[in-house]
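Enquirer: Have a look; sequence and predicted model below, questions after that.
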Amino acid sequence: MPGDDIAELLIEFDPVRVSGRISRSGPDADSPIWERLRAHFSSASDVKFMGAMADMPWPRVLEAIREFGGRSVQQSLNFRFRPTGEAVARVTTFVRELKEARQKRNQLVLEITPKEIEERLIEKGFTKRKLKSFQLRDLAHLASLSHGANFSVPGAGKTTVAFALHLLVARENEHLLVICPKAAFPAWRLIVGECVASDAPNNGAEEFVVLDGREEDTDRLLRSGARRLLMSYDLMVRQQPTIAAYLARQPVHLIVDESHRMKAGLASQRGAFLLSISSLPVRRDILSGTPMPQDANDIASQLGFLWPAAGYDLQIERGVAPRQVLGSLYVRTTKQELGLPEAKRHFYQVDMAEGQLALYSMVRSEALRQLTQTVRTKAQPDYVRARRSVMRLLQLSVNPTLALQSMMTDDRSVRSGIADKVVEEGTSSKMRAVVSHARKLAREGRKSVIWTIFTGNILDLELQLADLNPVSLYGAVPSGDFNDLETREGRLNRFHVDASCRVLLANPAAAGEGISLHTVCHDAIYLDRSYVSTHYLQSIDRIHRLGLPPGIETNIHIYRTKAPREIGSIDLSVSRRLRFKIRNLQQLLNDPDLDIIALDEENADDPIDLDVDIQDLVDLVEELEGRAMSEAEG
């Protein structure tokens, strides 16, 4: 019979390991497909060829189907794929969604109107919150896709839109699992009560169950019949087998909030796990206001999760512009669409004292050697040591006393003259200026949030600003009850309701997500900034977001330490890199607000001290080290 000499490749799915198996079957036909598969996966360490069988993660199976599954390719190579068992439905779904994504990324036709959305949501009990026009627009867009990305600015209501989307598209017996940072837990725990009536049909007012216990507790809750579940990234990483098994046996709508946290992809545990189970949920949605914190490659793993084996992540890695790859597969609401007035950015350049400048100059020379070696080495670069050098310079630019203590702990030798001078100078002029600024705002009846990347700075500021009754948020502050001042929630509540609490001291890595300050605070002061654009952009959005009272002016105050041109300012380097990363994000999202932020960085005066040259520095260091010649000796 015609076709009897065609080679067959059987495809099987293993739900326990979330893996697949491709094996040769049928007649020993003359087909090069097996060698083609070997060549295609030659550099993939997770693909194992064993005789006539190849074992691999399920996304790799889908990759093979995408690469070789076209009718013309199968005919030319004289073979055919034949899924068996559970693999049949999964392959069918993949092929359908792959075709859909290719079609809709170029031209999306809405399958539901905003008016129909409102009517259907009311039927489901979504009556306590009226959606805004831009939220209805985004919902209509996302509901017309099998999987979607919401890259709207913080404050645009991504949580509300995502929850409403689930109500719209969920099928019978479908669960909702949200993976997010712990900082986002309060927003998700409150969303049901804020949106859905208590008598909503089909138990529509069911609250989220927080998964935060041991693995056996998680497994019990996942089997309990609860349909809405909330879990942190950290717990997900620790309980991967339980989550994978749950996704394999149960229809689940999986939402990954702050999805830029998986940007490292296979190089991180959270990214590797999410990519490995990406084909299991019946629907996937990702939420992030800053999907590209560093560069275009940050979005590759997010697309790989959203559309596994579609090849969009590979296009990004090969240099195709992210906006061209994404097409219509995402939504973005900008601050201009929210009707928010522009935030005003103010830059302040602050001189270093003599001891601080001498120590900064000395450390800078050593850091330059280390960084140059890291960049130029042919061996494995020592990124840990290079990063430590960068962080030391950032610390020196704002708190030389704290930096000196760290250097002594690291057994670093510092000439006693320089060390004595730094101790004598005490608090840096930059920190004194920030403290003075916070007090000035307090006298005017205005609360402020001071951002710094170092916990040591927060602890110092707690003492210096004790008269303003500050509260602080950093990594060691636990989540808990709103009435407990030792918890994150308790401190935030105090900042909002206690008129005598005038200052919030915060680390952007710990407090840049999941909190809103815009109803009581309209001034953000940056004692320092890191190279991570996400931390900067999201920290701004804590006070500049939807719900801002009318007529309110939002001010962003950025303090930068001046340094002589010959040694360079670490704060100027941070500004340049933030500007570059924000520009990349602006090109992806076509957001005018990002354009304005980048322009403000470009137009600010450089923190360069032109009154000091390199010989002045040499003389200063020698003087403080006790090596300078007297005038008579000279």
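Expert: Structure's in. What do you need?
Enquirer: Without its sequence neighbours, what residue ends up closest to E207?
Expert: Distances taken as Cβ to Cβ, 6 or more residues apart in numbering put V192 closest to E207, at 5.5 Å, once the chain neighbours are dropped. Every C-beta, even on glycine, is put in place using the N, C-alpha and C of the backbone.
Enquirer: Could you do I22 as well?
Expert: The spatial neighbour of I22 that comes closest, neighbours along the chain excluded (Cβ to Cβ, 6+ apart), is A54 at 4.8 Å.
Enquirer: Centre of the chain to the helix or strand where that neighbour lies, how far?
Expert: Per DSSP states H and E: A54 is located in strand 53-57. The chain centre lies 32 Å from the centre of strand 53-57; the measure is Cα atoms, centre = their mean, to the nearest Å.
Enquirer: So the residue nearest the centre of the chain, which state does it fall into?
Expert: Centroid check for the chain by Cα atoms, centre = their mean gives H260 as the closest residue, at 3.2 Å. Using DSSP: H, G, I helix; E, B strand; the rest coil as the criterion, the local structure at H260 reads helix.
Enquirer: Give me the average confidence score over the strand or helix carrying the residue nearest to E207.
Expert: Taking DSSP H and E as the criterion, V192 maps to helix 185-195. Here helix 185-195 scores 93 as its mean pLDDT.
Enquirer: ok, how many other residues are close to F13?
Expert: Look at F13: counted by other Cβ atoms under 10 Å, it has 22 neighbours.
Enquirer: mind checking which helix or strand it is in?
Expert: Secondary structure assignment for F13, by DSSP H and E: strand 7-14.
Enquirer: circling back: the residue nearest to E207: what's it in contact with?
Expert: Each residue near V192 by Cβ atoms under 8 Å, 6 or more residues apart in numbering is listed here: F163, A205, E206, E207, F208, R228.
Enquirer: Could you report the neighbour count for the third one?
Expert: In other words, E206. 15.
Enquirer: And the first one, by the same measure?
Expert: Using other Cβ under 10 Å, the number of residues around F163 comes to 25.
Enquirer: Apart from its neighbours in sequence, what residue is nearest it?
Expert: Excluding its sequence neighbours, the residue lying closest to F163 (Cβ to Cβ, 6+ apart) is I191, at 5.0 Å.
Enquirer: which ones are touching the one you found?
Expert: Counting by Cβ under 8 Å, 6+ apart, I191 touches T159, T160, F163, F208.
Enquirer: can you give me the mean pLDDT across the helix or strand containing the third one?
Expert: The reference is to F163. Assigned by DSSP H and E, F163 falls within helix 158-169. For helix 158-169, mean pLDDT rounds to 97.
Enquirer: Could you find the closest non-adjacent residue to S278?
Expert: P308 (4.1 Å).
Enquirer: how about that neighbour, secondary structure?
Expert: Secondary structure state of P308, per three-state DSSP, is coil.
Enquirer: how about it, what does it touch?
Expert: Contact analysis of P308 by Cβ under 8 Å, 6+ apart lists P59, L62, F94, L275, S278, S279.
Enquirer: quick one, what contacts the fifth one?
Expert: Contacts here follow Cβ under 8 Å, 6+ apart; on that basis S278 touches P59, R284, G304, F305, L306, P308.
Enquirer: would you list the residues you listed in TSV and tack on pLDDT?
Expert: Output for the contacts of S278, formatted as TSV (pLDDT from 0 to 100):
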residue	pLDDT
P59	94
R284	98
G304	95
F305	96
L306	96
P308	94
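Enquirer: Just the pLDDT for the closest residue to N173 other than its chain neighbours.
Expert: Leaving aside its sequence neighbours, N173 sits nearest to P251 (Cβ to Cβ, 6+ apart; 6.2 Å). At P251, the model reports a pLDDT of 96.
Enquirer: and the gap between P251 and P281?
Expert: Distance from P251 to P281, counting by Cβ to Cβ, to the nearest Å: 8 Å.
Enquirer: neighbour count winner among those two?
Expert: P281 (21 against 15).
Enquirer: ok, that one touching I255?
Expert: No. Applying Cβ atoms under 8 Å as the test, P281 and I255 come out as separate, 9.2 Å apart.
Enquirer: Now list whatever residues contact both of those two.
Expert: Counting by Cβ under 8 Å, 6+ apart, the residues touching both P281 and I255 are L177.
Enquirer: Please name every helix or strand in contact with the helix or strand hosting D600.
Expert: Element membership for D600 (DSSP H and E) is helix 592-603. On a contact count with 3 or more Cβ pairs under 8 Å, 6 or more residues apart in numbering; DSSP states H and E, helix 592-603 meets helix 335-338, strand 344-350, helix 570-589.
Enquirer: Turn these into TSV, columns for mean neighbour count, mean pLDDT and distance to P607.
Expert: Below are these laid out as TSV (neighbours: other Cβ atoms under 10 Å; pLDDT from 0 to 100; distance: least, Cβ to Cβ, whole Å):
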stretch	mean neighbour count	mean pLDDT	distance to P607
helix 335-338	20	88	27
strand 344-350	17	95	4
helix 570-589	20	89	5
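Enquirer: Need the ones you listed in a markdown table (columns: distance to L108).
Expert: Formatted as a markdown table, the helices and strands packed on helix 592-603 follow (distance: least, Cβ to Cβ, whole Å):
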| stretch | distance to L108 |
| --- | --- |
| helix 335-338 | 19 |
| strand 344-350 | 35 |
| helix 570-589 | 17 |
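Enquirer: among those, which is nearest R21?
Expert: With Cβ to Cβ, the closest approach to R21 among the helices and strands packed on helix 592-603 belongs to helix 570-589: 37.8 Å.
Enquirer: now the angle from the closest one to strand 344-350?
Expert: Angle of helix 570-589 versus strand 344-350, following axes from the mean of the first three to the mean of the last three Cα atoms, to 10 degrees, is 160 degrees.
Enquirer: Centre of the chain to helix 570-589, how far?
Expert: That offset, for helix 570-589, works out to 15 Å (Cα atoms, centre = their mean).
Enquirer: wait, what's in contact with Y233?
Expert: Applying Cβ under 8 Å, 6+ apart to Y233 gives the contacts I179, C180, P181, R261, R270.
Enquirer: Select from those the one having the most neighbours.
Expert: Using other Cβ under 10 Å as the neighbour criterion, I179 leads the contacts of Y233 with 26 neighbours.
Enquirer: what sits against that one?
Expert: By Cβ under 8 Å, 6+ apart, the residues touching I179 are M231, S232, Y233, M236, L254, I255, V256, D257, L274.
Enquirer: Now do the same for it: its pLDDT.
Expert: 98.
Enquirer: could you say which helix or strand contains it?
Expert: strand 175-180.
Enquirer: now do L230
Expert: Using DSSP H and E, L230 sits within strand 228-232.
Enquirer: That strand pairs with which strands, parallel or anti?
Expert: Strand pairing for strand 228-232, determined by DSSP bridges: strand 175-180 (parallel), strand 209-211 (parallel).
Enquirer: Helices along the stretch 1-150 of the chain, start to end?
Expert: 33-40, 58-68, 71-76, 87-104, 114-123, 133-143 (DSSP state H, counting those that start in this stretch).
Enquirer: As TSV, those helices with distance to F482 and mean neighbour count would be great.
Expert: Conversion of these to TSV gives the following (distance: least, Cβ to Cβ, whole Å; neighbours: other Cβ atoms under 10 Å):
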stretch	distance to F482	mean neighbour count
helix 33-40	55	15
helix 58-68	42	22
helix 71-76	60	12
helix 87-104	42	16
helix 114-123	29	15
helix 133-143	27	20
